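Q: Requesting a structural model of the entry that follows:
(one chain, ligands or ions: 1)
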Amino acid sequence: MAMAANETVRLRTVRRTYGTGDAAVTALDGVTTSFQTGTFSAVMGPSGSGKSTLLHCAAGLDRPTEGTVLIDGTDLGTLDETGLTLLRRERMGFVFQAFNLVSALTAEQNVSLPLRLAGRRFEPVEIRAALAEVGMADRARHRPSQMSGGEQQRVAIARALISGPSVVFADEPTGALDTTSSRGVLSLLRDLVTRQGQTVIMVTHDPMAAAYADRVLFLADGRIVGELRDEISAEAVASRMAGLETAC
Ligand SMILES: Nc1ncnc2c1ncn2[C@@H]1O[C@H](COP(=O)(O)OP(=O)(O)OP(=O)(O)O)[C@@H](O)[C@H]1O
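A: Sure thing, here's the model as predicted:
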């Protein structure tokens with residue numbers, strides 16, 4: 001079956017079980033969905049509902065037990081580990097709760113790291129432009145310890161974008177930030193989608209964060225149990241979440 005041109009990520013009946021026999025856990029129980037190019041999606045759900053597993057399977061960091069994941073039409077199941085690593089390097093950007101910058105490197109060295117690892121040539125001006133894009137142009141020579149959490153996350157976003165990825169996966173990107181820094185980081189992600197057509201998939205616990213998205217997917221017990229689209233309010237997200245948490 002062909003993949004629609006405007007789908008960057010597609011999951012088809014993705015199941016992921018861990019362990020066997022009595023100890024078997026079904027983390028994802030037949031998830032089918034797609035993430036459209038140039039949209040900002042949030043994935044929410046109670047603890048243990050399968051959010052991280054979904055993100056890891058979509059990003060080829062974990063392999064589904066059954067089902068298919070396509071990125072830009074490429075079936076990840078057809079790739080070996082090297083193929084997956086290359087596809088991740090070229091097509092995906094990652095942003096984590098803990099920023100994961102290399103502490104010994106400056107902001108500009110952190111941002112250029114993916115290009116160095118890929119053996120790609122680059123000009124310093126490209127790195128400066130990426131830092132300017134996230135509002136960190138004046139901090140190029142600073143190390144992570146000289147930056148606030150919000151600033152470090154901005155640098156991490158510049159690093160995620162430097163290879164021109166098809167999709168950015170963000171795992172609780174504001175989980176370690178205060179409200180003001182969180183809003184800054186979320187506005188930045190929102191802007192990258194709106195102005196540059198970036199595709200972003202974010203796992204979050206925070207209804208305020210999810211409200212920046214175009215679409216919120218709700219997971220419970222490894223299944224998609226609901227969705228909100230457009231004009232999403234934090235209140236609407238919180239009330240859906242409250243419903244899921246009492247149901248569990
Ligand atoms: N490596 C593993 N081995 C065994 N079980 C696992 C493993 N990883 C996840 N699970 C189980 O799969 C289910 C889904 O886990 P997952 O981490 O995807 O949930 P989550 O929604 O991201 O949770 P949280 O919000 O607490 O991070 C849970 O029951 C979890 O215990």
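Q: which is the next helix or strand following the host helix or strand of residue 26?
A: Assigned by DSSP states H and E, residue 26 belongs to strand 25-36. Next helix or strand after strand 25-36 toward the C-terminus (DSSP H and E): strand 40-44.
Q: what angle sits between whichever helix or strand comes after that following strand and strand 40-44?
A: Downstream of strand 40-44, the next assigned helix or strand under DSSP H and E is helix 51-58. Helix 51-58 runs at 130 degrees relative to strand 40-44, counting by axes from the mean of the first three to the mean of the last three CA atoms, to 10 degrees.
Q: Can you give the distance from helix 51-58 to the centre of its chain?
A: Relative to the mean C-alpha coordinate of its chain, helix 51-58 is positioned 9 Å out (CA atoms, centre = their mean, to the nearest Å).
Q: worst-scoring helix or strand of this protein, pLDDT-wise?
A: Least confident helix or strand of the chain, by mean pLDDT, DSSP states H and E, is helix 234-247 with a mean of 90.
Q: what's that one packed up against?
A: Using 3 or more CB pairs under 8 Å, 6 or more residues apart in numbering; DSSP states H and E as the contact test, the elements touching helix 234-247 are strand 40-44, helix 207-210, strand 215-220, strand 223-229. Bear in mind the C-beta positions are built from the backbone N, C-alpha and C, glycine included.
Q: Apart from its neighbours in sequence, what residue is nearest residue 154?
A: Excluding the flanking residues, the one nearest residue 154 by CB to CB, 6 or more residues apart in numbering is residue 134, at 4.1 Å.
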